[in-house]
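**Student:** Here is a sequence with its predicted model. Questions after.
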Amino acid sequence: MLTNLISKNIRDRKGTLVCILIIGFLLIGAGSAKATSVYSNYTDNGHTYSTLYGPEITEPFTTYSNSSGFWDLTQIRLDAHYFLNPAQAIISIYEDDDGSAGSLISKWDITLTNSEGDYLFAVSGVSLLADTNYWFGVKPTNSTYVAWGETNDETGHVFEIQGEEVVNSTPEPTSIILLGSLATGLFGVAAIRRKSSKQ
């Protein structure tokens, strides 16, 4: 299909530019991403639970390091359940303000529909710096009780933040050289074809 497109468009200069852009995109790409854990204190064994009602509970966390220096968030995992009725809650991420929760970065409304469960909530549009301190909060919002799983040593609450690190977003020098050679060749072929068509 790509060969046919090149053959069809190489007849004129605009077609040549289209070919260069298509092949350049294939060679260089816009960067690749891989989903991974941004932070996690999850364990496979069972958790004890503390009950939340009213005030928000916040927990500090430090994002993992990566080569690009930032994370794009994709998912939040929460070990929680409700009592009596399905519960609505707000989960939030805050900046760190000298060891306490600072300015709000983003928040999401969630619903707990199982009496006990391991929840995954999709998130988007939020980026965090790598190797940086933040705070994560959970707050019930509909006058019901939410139980949040505690860590095994009962010093904090269990959650995981997942995201993507964008890598290879800058073209390598060899790719740039190859793209330049390709552009030169395509312009040469186009010039020969135009000259032949005039004779």
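**Tutor:** Good, I have the coordinates. Residues are numbered from 1 along each chain as shown.
**Student:** quick one: average pLDDT of the host helix or strand of Glu59?
**Tutor:** Using DSSP states H and E, Glu59 sits within strand 57-62. Strand 57-62 comes out with an average pLDDT of 95.
**Student:** who does the one helix or strand Thr74 maps to touch, helix- and strand-wise?
**Tutor:** Using DSSP H and E, Thr74 maps to strand 70-82. With contacts taken as 3 or more Cβ pairs under 8 Å, 6 or more residues apart in numbering; DSSP states H and E, strand 70-82 sits against strand 32-40, strand 87-96, strand 101-112, strand 117-122, strand 127-129, strand 146-149, strand 159-167. For every residue, glycine as well, the C-beta is placed using N, CA and C.
**Student:** would you turn these into JSON lines with distance to Trp135?
**Tutor:** Shown next, in JSON lines, are those (distance: least, Cβ to Cβ, whole Å):
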{"stretch": "strand 32-40", "distance to Trp135": "11"}
{"stretch": "strand 87-96", "distance to Trp135": "4"}
{"stretch": "strand 101-112", "distance to Trp135": "4"}
{"stretch": "strand 117-122", "distance to Trp135": "17"}
{"stretch": "strand 127-129", "distance to Trp135": "11"}
{"stretch": "strand 146-149", "distance to Trp135": "15"}
{"stretch": "strand 159-167", "distance to Trp135": "11"}
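**Student:** rewinding a little: got the CA coordinates for the strand holding Thr74 in PDB?
**Tutor:** What follows is strand 70-82, C-alpha atoms only, in PDB (Å, rounded to 0.1, in the frame of the first residue of the first chain):
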ATOM      1  CA  PHE A  70       7.900  12.700  33.900                       C
ATOM      2  CA  TRP A  71       4.900  10.300  33.900                       C
ATOM      3  CA  ASP A  72       1.500  10.600  32.100                       C
ATOM      4  CA  LEU A  73      -1.000   8.900  34.400                       C
ATOM      5  CA  THR A  74      -3.400   6.300  33.000                       C
ATOM      6  CA  GLN A  75      -4.900   4.400  35.900                       C
ATOM      7  CA  ILE A  76      -5.300   4.400  39.700                       C
ATOM      8  CA  ARG A  77      -5.700   1.100  41.700                       C
ATOM      9  CA  LEU A  78      -7.500   1.200  45.000                       C
ATOM     10  CA  ASP A  79      -8.200  -1.500  47.600                       C
ATOM     11  CA  ALA A  80     -11.500  -0.400  49.200                       C
ATOM     12  CA  HIS A  81     -15.000  -1.400  50.000                       C
ATOM     13  CA  TYR A  82     -18.200   0.100  51.400                       C
END
